[in-house]
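Asker: Predicted coordinates and the sequence they were generated for:
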Amino acid sequence: LPLPPVPPPRPELSCSRRDDGYRRSSSPISEFARENGLDERAVQKLRDQPRSVQDAIIQEGPLTGRNPSAILSSRIRRAIESQPKDVQDFDDEILRFADENNLDERSINVLREISPDTRALLMEEGPLTGRNPNAVLLGRLKRVRNSR
């Protein structure tokens, strides 16, 4: 008797590496990178941008042309220039705090998404000390939210 066909592997929603160099993820940035053939450096440049810039770039559609990385850089520049000054200052402050405390992308996104009042309280407490600054940040956030 013939053996039944082997079902195709199910796509994982983890961050495991694939043969094509991209990570399988449900992230819009990962999908945009994969669809446009972006290299790791270009993907990181996009990930380093504020959420509003990322959204504007992705909503503009596919990167058409011979050099997708160069087109992406141009889009990033245009998107940043079109943002109001206070939005740029807000993200500069978050990125400075993240850099000083060695925060990962997830923690940076948390800082971008919480209310300005909550963010100010977290950042006013000063440097994140401890072995895992990302965990310290989340602990602070939980404490601040529970105190309200």
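Answerer: Ah, there it is.
Asker: so where is the protein shaky, pLDDT-wise?
Answerer: Scanning the chain for pLDDT under 70 picks out 1-26, 84-90.
Asker: Spatially central, which residue of it would that be?
Answerer: In the chain, the residue lying closest to the centroid (C-alpha atoms, centre = their mean) is residue 47, at 4.3 Å.
Asker: Hmm, that residue is touching residue 105, no?
Answerer: Yes. In this structure, residue 47 is within contact of residue 105 by C-beta atoms under 8 Å, at 6.0 Å. All C-beta atoms are positioned from the backbone trio N, CA, C, and that covers glycine.
Asker: For the two, list the residues in contact with both.
Answerer: With C-beta atoms under 8 Å, 6 or more residues apart in numbering applied, the contact sets of residue 47 and residue 105 do not overlap.
Asker: and residue 71, that's in a helix?
Answerer: Yes. Under DSSP: H, G, I helix; E, B strand; the rest coil, residue 71 falls within a helix.
Asker: What number of residues are in the vicinity of it?
Answerer: Residue 71: 19 surrounding residues under other C-beta atoms under 10 Å.
Asker: nearest residue to it other than its sequence neighbours?
Answerer: In space, and not counting its chain neighbours, residue 71 is closest to residue 63: 4.5 Å by C-beta to C-beta, 6 or more residues apart in numbering.
Asker: How about residue 114?
Answerer: Per C-beta to C-beta, 6+ apart, closest to residue 114 is residue 141, 7.0 Å.
Asker: helices and strands around the helix or strand hosting that neighbour, which ones?
Answerer: Using DSSP states H and E, residue 141 maps to helix 133-146. For helix 133-146, the elements it packs on are helix 105-113, helix 116-124, judged by 3 or more C-beta pairs under 8 Å, 6 or more residues apart in numbering; DSSP states H and E.
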